[in-house]
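Colleague: What follows is a predicted structure for the sequence shown.
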Amino acid sequence: MNTKKSWRAWKIWIGAALALLLAADVALAAVLWQAARDPQAMRSQRDRLPIQGKLLKADVERGEKIKSSLPQIGKDCDAFYKDAFLDSRTGYSAISEDLGDLVTKAGLKSSGLTFLRKDVADHGVTEITIKAGVQGDYPASSNSSTASSARRISICSMICTWSRRTPAEST
């Protein structure tokens, strides 16, 4: 009886393998029939594949180049962060001094500076909004009858900048 069961299992496995082989043959016949119906499409696909392969190879090479340049980009970003953003401990006085120099060179008088701080989460910087008021005289237009007179001007402007947070401020 043991031989009958193993023979029967063997027949089932052979039948399943033959059915699978027959299904693969039918699928291959369908593909070949489709190709025979439109040989131009197969030729154009054959011609497109090398071009597509070259494009994909170029994409991979470009990706590898970008990957190899990432450490330098990180260093450049760190250098920009350190060079472009003022340190929050000294930034306020540097900004005040620069704005004071501008006001003086323009021949105006400053009516004061106001600083408004806002921490930018997860970026290590603080956004600083500066309100600056200036007052001064400017000459009237030349085609006016009182060309020698001057007019008084008062301006209030807002400037937005950022500063680096120190490690002590980040904690």
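Modeller: Received it, and whenever you're ready, just let me know what you need. Numbering: from 1, shown residues only.
Colleague: For this structure, which segments count as helices?
Modeller: Counting by DSSP state H, the segments of the chain that form helices are 2-37, 39-84, 88-105, 167-170.
Colleague: Throw those into TSV and include mean pLDDT, mean neighbour count and distance to residue 159, thanks.
Modeller: Backbone N, C-alpha and C define where each C-beta goes, glycine included. Below are these laid out as TSV (pLDDT from 0 to 100; neighbours: other Cβ atoms under 10 Å; distance: least, Cβ to Cβ, whole Å):
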stretch	mean pLDDT	mean neighbour count	distance to residue 159
helix 2-37	88	10	68
helix 39-84	90	10	16
helix 88-105	82	13	8
helix 167-170	58	10	21
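Colleague: Quick one: those helices as JSON lines, columns for distance to residue 135 too.
Modeller: Shown next, in JSON lines, are the helices of the chain (distance: least, Cβ to Cβ, whole Å):
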{"stretch": "helix 2-37", "distance to residue 135": "84"}
{"stretch": "helix 39-84", "distance to residue 135": "31"}
{"stretch": "helix 88-105", "distance to residue 135": "10"}
{"stretch": "helix 167-170", "distance to residue 135": "34"}
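Colleague: quick one: which of those helices is nearest residue 153?
Modeller: With Cβ to Cβ as the measure, helix 88-105 is the member of the helices of the chain nearest residue 153 (12.6 Å).
Colleague: can you list contacts of the closest one?
Modeller: Residues outside helix 88-105 that contact it (Cβ atoms under 8 Å, 6 or more residues apart in numbering) are 86, 109-110, 113, 115, 126, 128, 130, 132, 134, 161, 163-166, 169.
Colleague: Off-centre distance for that helix?
Modeller: Put simply, helix 88-105 sits 32 Å off its chain's centre (Cα atoms, centre = their mean, to the nearest Å).
Colleague: go on, stretch 104-116?
Modeller: 36 Å.
Colleague: Would you mark the buried spots in it?
Modeller: 108, 110, 113 (16 or more other Cβ atoms under 10 Å).
Colleague: Sort out which one of these lies nearest residue 82 for me.
Modeller: The nearest member of the buried residues of stretch 104-116 to residue 82, counting by Cβ to Cβ, is residue 113 at 25.1 Å.
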